[in-house]
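[1] Got a predicted structure plus its sequence, pasted below:
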Amino acid sequence: MSLVSEEMKSKSEVYHGDQICQAKSKELLREIVLPNGLLPLKDIIEVGYNRETGFVWLKQKKAITHKFEKIGKLVSYATEVTAQVEKGKIKKLNGVKTKELLIWITLSDIYVDDPPTGKITFKTPAGLSRTFPVSAFEVEEDKSSVVVKETNNKVNETVAAAAAGGVKEV
């Protein structure tokens, strides 16, 4: 059962298709100041973000398990991942589990320290937590995608300016 209602969708930014959803999920992580490799989802079919409430959802074709090599941890992502986000924090997380010894443990919160210490903490609903270096969850971004993104932003600004009645120099 989905935690995302049609009413929630109507009040949110919603994107469809893996390519745009990958970009939007990384953009969201940058916006809330969390490492860009925290959500290594595959075949994303929908991403939604309600800026007013901070509610976010990501839907992928099938559940995946990802190993964060730098810390040797397995993390499972369900077909639907939901959370409340704010700067430096993901709260009320659903759909993400980590393997500790022989059992899968649900994660409920992820946060970085403010001011930054280079550490990220993962917390369970029972209140147990584990801290790792932020660098373990960062991935090198493809430089060409950054150039394309910057070009797209300039084009969008120009189109918006033209629509508002004035043309902006690029």
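    Cool, got the structure.
[2] show me the residues around residue 121 that make contact.
    The neighbourhood of residue 121, defined by C-beta atoms under 8 Å, 6 or more residues apart in numbering, consists of 109, 110, 111, 112, 113, 129, 130, 131. From N, CA and C alone the C-beta is placed, and that goes for glycine too.
[3] quick check, nearest of those residues to residue 35?
    Closest to residue 35 out of the contacts of residue 121 is residue 112 (8.2 Å), distances taken as C-beta to C-beta.
[4] This protein: strands as residue ranges?
    Using DSSP state E, the strands found in the chain span residues 13-16, 44-50, 55-60, 64-68, 73-86, 89-100, 103-106, 109-112, 119-123, 129-133.
[5] Can I get these in CSV including mean pLDDT?
    Written out in CSV, the entries for the strands of the chain read as follows (pLDDT from 0 to 100):
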stretch, mean pLDDT
strand 13-16, 96
strand 44-50, 96
strand 55-60, 97
strand 64-68, 96
strand 73-86, 97
strand 89-100, 96
strand 103-106, 96
strand 109-112, 97
strand 119-123, 97
strand 129-133, 95
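[6] can you list the ones you listed in CSV and add distance to residue 139?
    Below are these laid out as CSV (distance: least, C-beta to C-beta, whole Å):
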stretch, distance to residue 139
strand 13-16, 20
strand 44-50, 16
strand 55-60, 17
strand 64-68, 10
strand 73-86, 14
strand 89-100, 17
strand 103-106, 24
strand 109-112, 16
strand 119-123, 14
strand 129-133, 14
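[7] Indicate which one of those strands is closest to residue 140.
    Judged by C-beta to C-beta, the one of these that comes nearest to residue 140 is strand 64-68, at 14.5 Å.
[8] relative orientation of the closest one and strand 129-133 in degrees?
    What separates the directions of strand 64-68 and strand 129-133 is an angle of 60 degrees, with axes from the mean of the first three to the mean of the last three C-alpha atoms, to 10 degrees.
[9] Compute the inter-axis angle for strand 64-68 and strand 73-86.
    With the same axes, to 10 degrees applied, the angle from strand 64-68 to strand 73-86 works out at 100 degrees.
[10] Beta-bridge partners for the nearest residue in space to residue 111 that is not next to it in sequence, please?
    Nearest non-adjacent residue to residue 111, counting by C-beta to C-beta, 6 or more residues apart in numbering: residue 89, 4.4 Å away. Partner residues in beta bridges with residue 89: residue 86, residue 111, with DSSP bridges as the criterion.
[11] quick one: residue 89 from residue 134, how far?
    Here the criterion is C-beta to C-beta, to the nearest Å. By it, residue 89 lies 14 Å from residue 134.
[12] just residue 57 next, same as before
    As judged by C-beta to C-beta, residue 57 and residue 134 stand 24 Å apart.
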